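Visitor: just coords:
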């Protein structure tokens with residue numbers, strides 16, 4: 001697909017573009033696995049923030065799972081308190097969404113993000129308990145050790161200083177232009193009603209194809 005696209009088109013990107021990767025487990029996720037994944041996302045956010053391009057920071061399409069969450073930082077909960085709140089959850093949701101992936105303009109860029117997403121998911125659901133997160137510093141080096149501990153892959157596209165970390169910046173939605181606000185609201189409404197990829201996966205699952 002990329003060979004054809006790059007031979008016939010000019011591939012470009014901007015701050016509203018991103019790479020979406022949909023991951024699922026055969027048989028679905030257990031409540032504990034979903035908790036570990038959500039907790040790892042909150043815990044390692046400073047490391048991920050240091051890795052993503054500048055245009056994905058303070059981006060209305062890539063808001064923080066912690067600082068922009070009305071149940072977490074909006075209620076002045078620290079990251080640690082947020083992890084504990086997730087642990088107390090007793091019900092499951094259909095998806096966990098993590099919108100930090102940057103735009104991809106080559107097949108190599110896509111594979112980097114796919115590799116990162118797979119490594120993060122698998123390392124997260126292998127956590128024996130939420131307390132195990134504390135053994136990894138919430139920086140780039142700690143995130144790499146987190147992946148290494150799951151014995152997955154050698155280097156999921158992380159080549160920055162190991163101590164690298166950054167805190168997310170809240171998105172001031174009220175400061176967005178009218179055009180950007182309308183575009184964001186349309187995207188949110190569209191996501192509420194349908195996710196074509198998830199619809200196809202569900203359909204294929206019901207037909208016994210996957």
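Guide: Sure, I can see it. Worth saying up front: this structure is predicted, and the values here are computed from it rather than measured.
Visitor: for this structure, what spans make up the helices?
Guide: Using DSSP state H, the helices of the chain run over 2-8, 31-43, 45-51, 79-87, 107-125, 140-149, 178-193, 196-206.
Visitor: so what's the residue nearest the centre of the chain closest to, chain neighbours aside?
Guide: With distances taken as C-alpha atoms, centre = their mean, the chain has residue 98 as the residue nearest its mean C-alpha position (2.6 Å). Closest residue to residue 98 apart from its sequence neighbours, by C-beta to C-beta, 6 or more residues apart in numbering: residue 41 at 5.6 Å. Yep, even glycine has a C-beta here, placed from its N, CA and C like the rest.
Visitor: Kindly confirm whether my reading is correct that that neighbour touches residue 64.
Guide: No - the criterion here is C-beta atoms under 8 Å, and residue 41 misses it with residue 64 at 9.8 Å.
Visitor: before we move on, back to that, ok, the residue nearest to the centre of the chain - contacts?
Guide: Neighbour list for residue 98: 41, 65, 117 [criterion: C-beta atoms under 8 Å, 6 or more residues apart in numbering].
Visitor: Report the contact partners of the nearest residue to residue 176 once chain neighbours are set aside.
Guide: Nearest residue to residue 176, sequence neighbours excluded (C-beta to C-beta, 6+ apart): residue 60, at 6.2 Å. Going by C-beta under 8 Å, 6+ apart, residue 60 touches 171, 173, 176, 180, 184.
Visitor: any idea how far residue 25 is from residue 42?
Guide: With distances taken as C-beta to C-beta, to the nearest Å, residue 25 is found 21 Å from residue 42.
Visitor: out of these two, which sits in the busier spot?
Guide: residue 42 (24 against 11; other C-beta atoms under 10 Å).
Visitor: So for the residue nearest to the centre of the chain, what pLDDT did the model give?
Guide: Predicted confidence (pLDDT) for residue 98: 81.
Visitor: Please apply the same query to residue 3.
Guide: 89.
Visitor: count of residues packed around it?
Guide: Count around residue 3 with other C-beta under 10 Å applied: 8.
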